[in-house]
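Colleague: Sharing a model prediction with you, sequence too.
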Amino acid sequence: MAESLYTSSAKVGLPPGAIVHVGDVHQAETRISLVDYGRDHTEERRLETLDDLIPYRERESVTWIIVEGLADAELVGRLGEFFAIHPLVVEDILNVHQRPKFEEHEQFLFIVLKSLIASGDGCRAEHEQVSIVLLENFVLVFKEKSDELLDPLIQRIRTSKGRLRSLGADYLAYAILDLIVDGFFCLVDSLDEAVNSLEDTLLTAEPTHDTLLALQRVKRELIHIRRYVAPIREVMAAMLRSESELIQEKTRIYLRDVSDHAIRVAESIDSFKDILASLMDIYVSSVSNRLNEVMKVLTIFASIFIPLTFLTGIYGMNFEYMPELKWKYAYFCLWGLFLVIPLALLRYFKKKKWL
Amino acid sequence: MAESLYTSSAKVGLPPGAIVHVGDVHQAETRISLVDYGRDHTEERRLETLDDLIPYRERESVTWIIVEGLADAELVGRLGEFFAIHPLVVEDILNVHQRPKFEEHEQFLFIVLKSLIASGDGCRAEHEQVSIVLLENFVLVFKEKSDELLDPLIQRIRTSKGRLRSLGADYLAYAILDLIVDGFFCLVDSLDEAVNSLEDTLLTAEPTHDTLLALQRVKRELIHIRRYVAPIREVMAAMLRSESELIQEKTRIYLRDVSDHAIRVAESIDSFKDILASLMDIYVSSVSNRLNEVMKVLTIFASIFIPLTFLTGIYGMNFEYMPELKWKYAYFCLWGLFLVIPLALLRYFKKKKWL
Amino acid sequence: MAESLYTSSAKVGLPPGAIVHVGDVHQAETRISLVDYGRDHTEERRLETLDDLIPYRERESVTWIIVEGLADAELVGRLGEFFAIHPLVVEDILNVHQRPKFEEHEQFLFIVLKSLIASGDGCRAEHEQVSIVLLENFVLVFKEKSDELLDPLIQRIRTSKGRLRSLGADYLAYAILDLIVDGFFCLVDSLDEAVNSLEDTLLTAEPTHDTLLALQRVKRELIHIRRYVAPIREVMAAMLRSESELIQEKTRIYLRDVSDHAIRVAESIDSFKDILASLMDIYVSSVSNRLNEVMKVLTIFASIFIPLTFLTGIYGMNFEYMPELKWKYAYFCLWGLFLVIPLALLRYFKKKKWL
Amino acid sequence: MAESLYTSSAKVGLPPGAIVHVGDVHQAETRISLVDYGRDHTEERRLETLDDLIPYRERESVTWIIVEGLADAELVGRLGEFFAIHPLVVEDILNVHQRPKFEEHEQFLFIVLKSLIASGDGCRAEHEQVSIVLLENFVLVFKEKSDELLDPLIQRIRTSKGRLRSLGADYLAYAILDLIVDGFFCLVDSLDEAVNSLEDTLLTAEPTHDTLLALQRVKRELIHIRRYVAPIREVMAAMLRSESELIQEKTRIYLRDVSDHAIRVAESIDSFKDILASLMDIYVSSVSNRLNEVMKVLTIFASIFIPLTFLTGIYGMNFEYMPELKWKYAYFCLWGLFLVIPLALLRYFKKKKWL
Amino acid sequence: MAESLYTSSAKVGLPPGAIVHVGDVHQAETRISLVDYGRDHTEERRLETLDDLIPYRERESVTWIIVEGLADAELVGRLGEFFAIHPLVVEDILNVHQRPKFEEHEQFLFIVLKSLIASGDGCRAEHEQVSIVLLENFVLVFKEKSDELLDPLIQRIRTSKGRLRSLGADYLAYAILDLIVDGFFCLVDSLDEAVNSLEDTLLTAEPTHDTLLALQRVKRELIHIRRYVAPIREVMAAMLRSESELIQEKTRIYLRDVSDHAIRVAESIDSFKDILASLMDIYVSSVSNRLNEVMKVLTIFASIFIPLTFLTGIYGMNFEYMPELKWKYAYFCLWGLFLVIPLALLRYFKKKKWL
């Protein structure tokens, strides 16, 4: 069954800014955790009520709030209110059918991306929408479910004493973007493998209907992924152009790096598209070639035996007056013909390079 | 019968700004209703004469005038005059073959869109041209016919005490645009379903000529829809760029939201186009594959039986001197050949993977 | 015979600005008429000598000069000199292989378009180059031949007392452009009909080689027309951008209207191109489908009768020792086989959906 | 043998600005001629040494230096030094694999074009690189060989007393550009003829393998030409944008004219590309159609005669007990079948429109 | 085995700016050499420790540092620190999967390119990433391995007393870029040869499955190369736009020259793509044509002999009452038919141009 590209008519008719979750519910609970860190301390805790957040507002340190699971729309809505986030942004966070985008608001920056989480066995593609809200000293991340996507980053905050701990919230936002875009390279690698294996099948072995199905599966996956990856280039370009004070000058070079990565991923995917198109051409040619093969076999068999059968037909007639029938060597002469005709035809076909 | 893409030569030769209705007449009567609302009141009435409008001109509240049915061109013309709308704009309102567009005039903004009305059974596509004229404190909406397109909005004005009631005419215009663009998601969903069902047919079942017809129907529908949807992106971008005082600063973020939705719809439709192209490729390949199948069956039958028939032909000849005929075991030996030759050929075909 | 897209090497080697007519001569004579009008008067006359023009120079009224037939290059040249038109512009007027363009000169504006004249039977496509020179109070129109293209406009000048009579030369130029662009809608309608009829043929009836020829004819016509229509968008955009004082502010809204029309025509033609491409796909698929049909019939006939013929061949052999020949029921048993084998094969083909 | 698109690795490894000729040597000798003219005089001479040039430097008149043949790289290098032309420009002049381009230097303008020289029999395509250096009062033209390309211009200088003689060096440069671009129209005409003749063959006659080869030849020629023609648009646009004082205001209108011509040529070539693509489609369809024809003939013959042969086979069997054999009218009845079966099948095929 | 387009998931999860080598290790050792030169001296040495670099910092002369082999990431990292190069740039240098790019930093310019090294036998394509860091008086070049890529340049520094020795570090950077881009012309030439040889095969000889494989190989190589070449245009354009003081005014004209070369290479590759697409079309047509040939042979054989065999079948029947059997000339008359029918059919096929 083909996966649906788009399903979001569910919300049609609701007033704009409605705080309703749109999308599959991956987990019933909405879990909020908090990571607070500065040059000299880190603190991790799970938030039970939003009131727990109040003390962090005063602090200078960077506070990272991770919201996992979007089913509890009301809780997300209150969190949005707490940080004075525009209702339309909260609506976008809750609707997991967003196109990747970057929005610059007065008090905060809003980024939506699709992440590809490498789960368990390496590079399996599992889409998840990740929304990032960057405020002064706060980074809010909204995810569809609890998974290990951000674990490497939390780990780095815990252990490292380097750049990450000493730079501000904008650097944290960058680090999240970098993690997500790096995740795409996994997908690119697995697509690369799939395309190469298809090419090997098409060029060396006989392609079958299954090859066609595999081609179509990869093609469709590409169309799917391109919708998520292509806009990231614009997102990064818009961030680089942004003159918001929330992004410090020294973070820009890092954003440019993520931007380069996004372009590389997008170009790889475009290359795959070109390659798949030429593989499809080869598939079609192979099918035609095989038809040619089949028809040559038929033609050779038919062209050789049909005239011979005609000859046997002649001498199977029952006319009273057929002089050859009585000639003693007629039968052997005919056998001569039975040998000469096929040989002549085979030579003719050989000359035509059908053999 | 294919639907006509374009028929508007009817008006050729008329002077510009001619107040004539161009398009199918969906209803004979032109019905004008009025919704007037402010933070604390709402009023709904049907207008009998244009004079009824005069008192609303003085008021501060938002007055929404809905014109349903465009057959009475003269009435629409007078309404235009009442609000000092340029005759060319009135002409555009009356001609239902407009391309979606946004025009900025000194006293008003003019927006034309094509709406897709979800009627009765969910997502049936019925096109209707909706023209919106935004003046200070007034919003004029011109529709081809009376339907429930705007009902959710009127309902919200009646019941809500929220944003919609407290914000100005520009927010109302936004709400109308949002309603129309949201309606496209319905169409996208139904197209998505159609494309997925086509893909399943093509990949699992044997595609028939009907599959081709269905493909072509969806393709044509896509070409049709793209003409209406693609320009909406430009319309929204032009509105966002507009510096008209009729659009307040705080409404812009809502317009940007509609703009995002329009881009998402347009990108979905482009994805469908790509997918349809690859489905067409698969259809063509499937037809070729089936021809291969047919030819293999023919070739196998012919290649096996034509040589055997030749053999029977030989011993059906009536030569007087054919020594084998008299040999007692000849017939049985021949039967041996009749078994060995097919088996050898079948093995050969198996090796060629034709079986 | 395919129509030539381009023939203009005739002038190669001549100095630039050479006053020579390039193109087919549609009529030997070059006829100059004049329409002079103001709010309160209209005057129509045929010009015999250019001296007749002198008095109109002084007047405030709008003077429209229509030159029909370009064979008398020398006369056109003198007219150009009279109005101080740059020789290169005169050269462009005389060369009927121009690309539609807009040029802004200090004293005048120059517009070249290709018109499609709806002659006699409705919408027959006949191309004609129309050059418009807009000066202060003067509009010069140069046409390849005398026809009724501009008649509706002259009629409107004669009868109306409205906008056309009271506004200036720029409005007249607009009215001419509007007339020409409106003419394209005729062509779009007739193309629409042709495309729809082709689609019906392809989807319902069996397409033949004639369908292919018709497809190619329409495709070629589209390529042809697009060359004339596509640049009109740029022409109109350039006019709208122009800051020439020859175009009054209040005329701009009218020009924008023509521009919208030109975009609509161009988009229709692009849609046709997409539709034709998909019709070509269907044609190719239909041919393949039919080949499949033919091959199935052959395969079914051959697969059924070739084995049966082999069986008859066996018992037509003349071996002395063939025990079955003597068995009384052998013949009837064989008839049993003659019925069972075809039925089994037919069932097999039915299962394969070949029947 | 296909012509090589590109061969310029010859110079790889040499230092930049190396004064070496790259390209085929068309003539061993490098010939320098000079045409000096003003409003009242013209002078033509052949230069023996560069010292002959010194007096012209002081004069106000326009001096046109034509260098034919680039084999003597050292001489070209010294000429470049004489006029203080940057070594990289001299290198570009000597390397005949340039892409058409326009460069603005402080003391001079540099233009490289590919010319198509109409030699002897009208429109034969012979490529030649023409480099133009425009200095104050000097125009230097570098050509690969001596031919009559510039003769019409020299002739006009000799005879005319008009614009060419009275305007400056920039007008001369324009006249050369105009001559070269006009030359492309020849090529467009001959391509037009080739394309039309191909279309006629494809639509009326049976296309053969030769038609395919001809299609490919024209297609390749188009790809070739487009590489030379397409950049000329940019060249002309860059010249029009240039604010160099070497181009006078009144010459710009002429350059715009050349620019229009270049756009027309490029658009024609794009049209040809579209047409060729659709001709290729028709070729492929024709081949498929013919295969259909062939298969129909085979199927009709086989379907009719294979069942009949089966019938004859039955009554050619040698069973002892075959009652029909003894019935007197059996043979005639069978003949009836021999007539009825083909007629029924022919009718069936006719209904299927195979006949 | 198809070459992998992309493999860089190796670094996913590492913190940004991590000093780790990503890519195949071509050589274990990282070798640093130094070329220091001015107008009057050159010095070449191999660096053992980074301390050796200190004296060169003070000098006015140009110091060129060549790093060959990137396996010793730590050494590269220290070199970067020595010159105060941003860690992200060092990371890019060490990751050999970069997209060609140009970055402008405050203290230095950073350029990454893919080089094609012409090794041994002329034009063999071997990709290598070359990173160039341009500082004041210093040029750092990082290469994946030790090869002769830069030898011509070192040679020129040693021997020449010209431009290269007297101009600054920016000219050296230009010379390196020029060398790399010139190297692409080699590749273009060898692709040109490959494409031409394919075209010859396709147009004159019978294309086989191997031709298809060769086509696909070249196509894939093109996609591969385009990824490296296309961005070089942007790199050069960005360098030309850059206002960095590290690039002197007089070097810009040289950069423009490299830019022109890059555009030429990219356009050649685009042309190849067009040509390959049309060769693929020809391949497909050839396969179809050959199928036609095969089917014609089959049809001619079958159409001639099947009716004749039917005739022999008739007179091989054993009916008791078959009057013709007894007629003396029947057999000879039948022979007449055996000659007349094939001749008539051959004539028919000849008329159809099947022979």
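Modeller: Sure thing, it's come through.
Colleague: Count the residues that sit near the residue in the stretch 101-250 of chain A that chain D sits nearest to.
Modeller: In the stretch 101-250 of chain A, the residue that lies nearest chain D is residue A:212 (20.5 Å; CB to the nearest CB). Yep, even glycine has a C-beta here, placed from its N, CA and C like the rest. Per other CB atoms under 10 Å in any protein chain shown, the neighbour tally for residue A:212 reads 21.
Colleague: Distance-wise, check it relative to residue E:270.
Modeller: Here the criterion is CB to CB, to the nearest Å. By it, residue A:212 lies 30 Å from residue E:270.
Colleague: And for the residue nearest to residue A:330 when sequence neighbours are not counted, the neighbour number?
Modeller: Of all residues not flanking residue A:330 in the chain, residue A:324 sits nearest, at 4.7 Å (CB to CB, 6 or more residues apart in numbering or on different chains). A count of nearby residues for residue A:324, using other CB under 10 Å, gives 17.
Colleague: same thing with residue A:237?
Modeller: 16.
Colleague: May I have the residues that are in contact with it?
Modeller: Going by CB atoms under 8 Å, 6 or more residues apart in numbering or on different chains, residue A:237 touches residue A:259.
Colleague: List the buried residues for whichever strand or helix holds it?
Modeller: Assigning secondary structure by DSSP states H and E places residue A:237 in helix A:209-241. Under the neighbour-count criterion of 16 or more other CB atoms under 10 Å in any protein chain shown, helix A:209-241 has A:211-212, A:214-216, A:218-233, A:235-237, A:239 buried.
Colleague: which parts of chain A sit against chain D?
Modeller: residue A:316 (CB under 8 Å from any CB of the partner chain).
Colleague: mind listing the helices in chain A by residue range?
Modeller: A:54-58, A:73-82, A:87-94, A:151-159, A:163-166, A:169-203, A:209-241, A:249-314, A:330-351 (DSSP state H).
Colleague: Nearest to residue B:283, out of the ones you listed?
Modeller: Nearest to residue B:283 among these is helix A:209-241 (10.9 Å), distances taken as CB to CB.
Colleague: how far off helix A:249-314 does that closest one point, in degrees?
Modeller: 160 degrees (axes from the mean of the first three to the mean of the last three CA atoms, to 10 degrees).
Colleague: orientation of helix A:209-241 relative to helix A:169-203 in degrees?
Modeller: Going by the same axes, to 10 degrees, helix A:209-241 makes 160 degrees with helix A:169-203.
Colleague: Report the rounded mean pLDDT for helix A:209-241.
Modeller: The average pLDDT for helix A:209-241 rounds to 87.
Colleague: any idea how far the lowest-mean-pLDDT helix or strand in chain A is from the chain center?
Modeller: Here the helix or strand of chain A ranked lowest by mean pLDDT, DSSP states H and E is helix A:163-166, holding a mean of 81. Counting by CA atoms, centre = their mean, to the nearest Å, helix A:163-166 is centred 33 Å from the centre of its parent chain.
Colleague: Next: stretch A:290-302.
Modeller: 41 Å.
Colleague: how about stretch A:41-55: buried residues?
Modeller: A:42, A:47, A:53.
Colleague: And stretch A:99-109, by the same measure?
Modeller: A:99, A:100, A:101, A:102, A:103, A:105, A:108, A:109.
Colleague: Return the item of those residues having minimum pLDDT.
Modeller: residue A:99 (88).
Colleague: What separation do you get for the residue lying closest to residue A:101 once chain neighbours are set aside and residue C:180?
Modeller: Once flanking residues are discounted, residue A:101 sits nearest to residue A:112: 5.4 Å by CB to CB, 6+ apart. Using CB to CB, residue A:112 is found at 48 Å from residue C:180.
Colleague: is the nearest residue to residue A:103 once chain neighbours are set aside in a bridge, and if so with what?
Modeller: Closest residue to residue A:103 apart from its sequence neighbours, by CB to CB, 6+ apart: residue A:110 at 4.3 Å. Beta-bridge partners recorded for residue A:110 (DSSP bridges): residue A:103, residue A:133.
Colleague: residues touching residue A:110, list them.
Modeller: Contacts of residue A:110 (CB under 8 Å, 6+ apart): A:85, A:89, A:92, A:102, A:103, A:104, A:131, A:132, A:133, A:134.
Colleague: now these in TSV, with distance to residue A:348?
Modeller: Below are these laid out as TSV (distance: CB to CB, whole Å):
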residue	distance to residue A:348
A:85	82
A:89	78
A:92	73
A:102	71
A:103	74
A:104	77
A:131	73
A:132	74
A:133	79
A:134	78
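Colleague: with these in mind, which one is nearest to residue A:195?
Modeller: residue A:102 (30.7 Å).
Colleague: For the residue of chain A found nearest chain D, list the residues it contacts.
Modeller: Per CB to the nearest CB, residue A:316 is where chain A lies closest to chain D, at 6.8 Å. Residues near residue A:316 by CB under 8 Å, 6+ apart: B:313, B:316, B:317, B:318, C:316, D:316, E:312, E:316.
Colleague: As JSON lines, the residues you listed with distance to residue A:187 and pLDDT would be great.
Modeller: Output for these, formatted as JSON lines (distance: CB to CB, whole Å; pLDDT from 0 to 100):
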{"residue": "B:313", "distance to residue A:187": "65", "pLDDT": "92"}
{"residue": "B:316", "distance to residue A:187": "69", "pLDDT": "92"}
{"residue": "B:317", "distance to residue A:187": "71", "pLDDT": "92"}
{"residue": "B:318", "distance to residue A:187": "76", "pLDDT": "90"}
{"residue": "C:316", "distance to residue A:187": "69", "pLDDT": "91"}
{"residue": "D:316", "distance to residue A:187": "70", "pLDDT": "92"}
{"residue": "E:312", "distance to residue A:187": "69", "pLDDT": "93"}
{"residue": "E:316", "distance to residue A:187": "71", "pLDDT": "92"}
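Colleague: Can you pull the poorly scored residue ranges out of chain A?
Modeller: Applying pLDDT under 70 to chain A picks out residues A:1-17, A:117-125, A:161.
Colleague: Centroid-nearest residue for it?
Modeller: With distances taken as CA atoms, centre = their mean, residue A:225 lies nearest the centre of chain A, 3.6 Å away.
Colleague: correct me, but that residue touches residue A:270?
Modeller: No - Residue A:225 is beyond contact range of residue A:270, at 11.2 Å (criterion: CB atoms under 8 Å).
Colleague: neighbours of the residue nearest to residue A:44 when sequence neighbours are not counted, just the number please.
Modeller: Closest residue to residue A:44 apart from its sequence neighbours, by CB to CB, 6+ apart: residue A:35 at 5.2 Å. Number of residues near residue A:35 (other CB under 10 Å) recorded here: 20.
Colleague: next one: residue A:275
Modeller: For residue A:275, using other CB under 10 Å, the count is 23.
Colleague: In this structure it contacts residue E:222, no?
Modeller: No - the pair residue A:275 and residue E:222 does not pass the contact test of CB under 8 Å, sitting 10.7 Å apart.
Colleague: can you tell me the residue of the stretch 201-350 of chain A closest to chain E?
Modeller: Counting by CB to the nearest CB, the stretch 201-350 of chain A gets nearest to chain E through residue A:313 (3.0 Å).
Colleague: Can you tell me, leaving aside adjacent residues, what's nearest to that residue?
Modeller: residue E:312 (3.0 Å).
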